[in-house]
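Enquirer: sequence plus predicted model, see below.
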Amino acid sequence: MNRQMVLVGFLQAQNCTNLPSSWRHPDSRNDSMSADYYQEIARILEAGKFHMAFFDDRLAMPDRYGNDHAHTVEYGIRCVKMDPLIVLTTMGMVTEKLGLGATCSTTYYEPFDVARRFATLDLMSGGRAGWNVVTSLNDGEALNMGRDSHPEHDSRYDRADEFMEVVLGHWDTWEDGALIMDKRSGRFADPTRVKRLDHKGPAFRSRGPFTVPRSQQGHPVIIQAGASGRGQRFAGRWGEVIFTAARNLAAAKDGYAAVRNEAATAGRDPDQMFLCNLTTPVCAATKAEAEDKMALIDKLPLQIDALSLLAEALNYDFASKDLDEPLTTEELKSMQGILGIRDGVLKASGKSNPSARDFVTFSGRGQVQDAMVGGPKEIADKLEEMFVERGCDGFVIAATYVPGSYADFVKHIVPELQRRGLFQTDYRGRTLRENLGLERPAAGAWKVQPREAAE
């Protein structure tokens, strides 16, 4: 089979999409706190043969800007954040093959808890679950979860490596074939095929035995989005679907090669992972119609959207500086969270000490300046170029209004990609791994990877 794109729908269980102003769009639904809202999205994505619906998540509303949540609530800047796993369950009820991925933090949860939640979703969905492994971002999350401050960047990844060992260790403790369920003999399962983990490490202790058997796909697909050097090493060691956010083909190719090289260094097959680049398409039947849509969307963002999300993502209070005052080197070094944003602004601006306004201008945070605008041919051409030139293996499709953006993409772009042989016309199987083309993992297969490769 010729290489084909992976498509993922980017979602958030909140009042807006990744574009915080999306709720202001006149065609966006207003009932984002209802099951029907997400179930309509699920039906659209499955009709379009998307591989997965994926939920980003945070454990706090954006309140780092001015250390106050008032602006977040007033302007609806991601102020509602529901539990994505529960929302995914409602979406799984109305679909059969669409993958179901959600974010859960290794910084503020216990490994056994995360392992059980996602293994349960995997069973309840027939092997369609994916876990996006994150280390969280900022002090707001820390304070909500009973901590005084957010841990330092690299130390979070050190903890996350051990977290992964515990989760995967628990997922491995039920062997395939452990279930007997013989009513006549009274034997439910073979105890010789269910082990205890007994993990004792620097950050975690977890005994077991685990309480959820393996699913049809073995265990949930591991999703990752590390952009920094340490994050790329983590992604190379563990990730099976990797989310990237390159803003041009050259940057995408560099990132693609870097992560695949990290995977090879960690003893993994780079072809058993898929890098999907975040993309915001604004599409219609013709380019002119799409440009009209974009003109409306361009009016929605406010400057406070960008400042709020930048403060959240970098754990730095941009309200502490005048908008045009250069940030000091020490202030730049103090930033945490998604350091790829900071590094991207430094590179794009050409300034060693950019201002808050530079961060707004060059980060794209809270804005739609990098949207792909056009009809089927224009957008398919751009996606094809990045895919064929090995800038990525697929795309994470972000919406500017809901559910219309997803419906537009499925109606106008998916058929053109299918016509070109770049995207599937039907699902390969029923599990997420089958549909991605990932091998079903044998219990313990991850242990052959050299630990030092990610350190």
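Expert: Ah, there it is.
Enquirer: worst-scoring helix or strand of the chain, pLDDT-wise?
Expert: Across the helices and strands of the chain, mean confidence by mean pLDDT, DSSP states H and E is lowest for helix 139-144: a mean of 81.
Enquirer: in the very next helix or strand once past it, what's buried?
Expert: From helix 139-144 onward toward the C-terminus, using DSSP states H and E, the following helix or strand is helix 153-172. With burial defined by 16 or more other C-beta atoms under 10 Å, the residues of helix 153-172 counted as buried are 153, 156-172. C-beta here means a position set from N, CA and C on the backbone, and glycine is covered the same way.
Enquirer: put the alpha carbons of helix 153-172 into CSV.
Expert: The C-alpha trace of helix 153-172 is given here as CSV (Å, rounded to 0.1, in the frame of the first residue of the first chain):
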residue,chain,number,x,y,z
HIS,A,153,11.2,21.5,32.6
ASP,A,154,13.8,18.7,32.4
SER,A,155,13.0,17.3,35.8
ARG,A,156,9.4,16.8,34.6
TYR,A,157,10.6,14.7,31.7
ASP,A,158,12.8,12.6,34.1
ARG,A,159,9.7,11.9,36.1
ALA,A,160,7.7,11.2,33.0
ASP,A,161,10.1,8.5,31.8
GLU,A,162,9.6,6.6,35.0
PHE,A,163,5.9,7.3,34.8
MET,A,164,5.8,5.6,31.4
GLU,A,165,7.7,2.6,32.8
VAL,A,166,5.1,2.1,35.5
VAL,A,167,2.1,2.6,33.2
LEU,A,168,3.4,0.2,30.5
GLY,A,169,4.5,-2.2,33.2
HIS,A,170,1.0,-2.4,34.6
TRP,A,171,-0.5,-2.7,31.1
ASP,A,172,1.8,-5.7,30.5
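Enquirer: quick one: the helices in the stretch 251-400 of the chain?
Expert: 287-297, 303-314, 329-334, 339-349, 356-363, 376-388 (DSSP state H, counting those that start in this stretch).
Enquirer: of all the ones you listed, which one comes closest to P441?
Expert: helix 376-388 (26.0 Å; C-beta to C-beta).
Enquirer: list the buried residues of the closest one.
Expert: P376, E378, I379, A380, K382, L383, M386, F387.
Enquirer: could you give the average pLDDT over it?
Expert: Throughout helix 376-388, pLDDT has a mean value of 98.
Enquirer: next: stretch 25-38.
Expert: 96.
Enquirer: figure out the length between the terminal residues of it.
Expert: One end of stretch 25-38 sits 17 Å from the other (C-alpha to C-alpha, to the nearest Å).
Enquirer: buried ones in that stretch?
Expert: H25, S28, R29, S32, Y37, Y38.
Enquirer: how about stretch 3-20?
Expert: 4-20.
Enquirer: again with stretch 428-448
Expert: Within stretch 428-448, judged by 16+ other C-beta under 10 Å, the buried ones are 430-438, 440-441, 443, 446.
Enquirer: check stretch 279-289 too.
Expert: T279, T280, P281, V282, C283, A284, K287, E289.
Enquirer: quick one: contacts of that stretch?
Expert: Outside stretch 279-289, the residues that touch it by C-beta atoms under 8 Å, 6 or more residues apart in numbering are 19, 290, 292-294, 297, 368, 370-376, 378-379, 383, 395-400, 405, 408-409, 412-413.
Enquirer: tally of neighbours for G421?
Expert: 12 (other C-beta atoms under 10 Å).
Enquirer: on the three-state scheme, G9 is what?
Expert: strand (DSSP: H, G, I helix; E, B strand; the rest coil).
Enquirer: contact partners for it?
Expert: I41, L45, F50, M52, A53, F54, V396, I397, A399, Y406.
Enquirer: specify which member of those is nearest to A263.
Expert: Nearest to A263 among those, with distances taken as C-beta to C-beta, is V396, at 19.0 Å.
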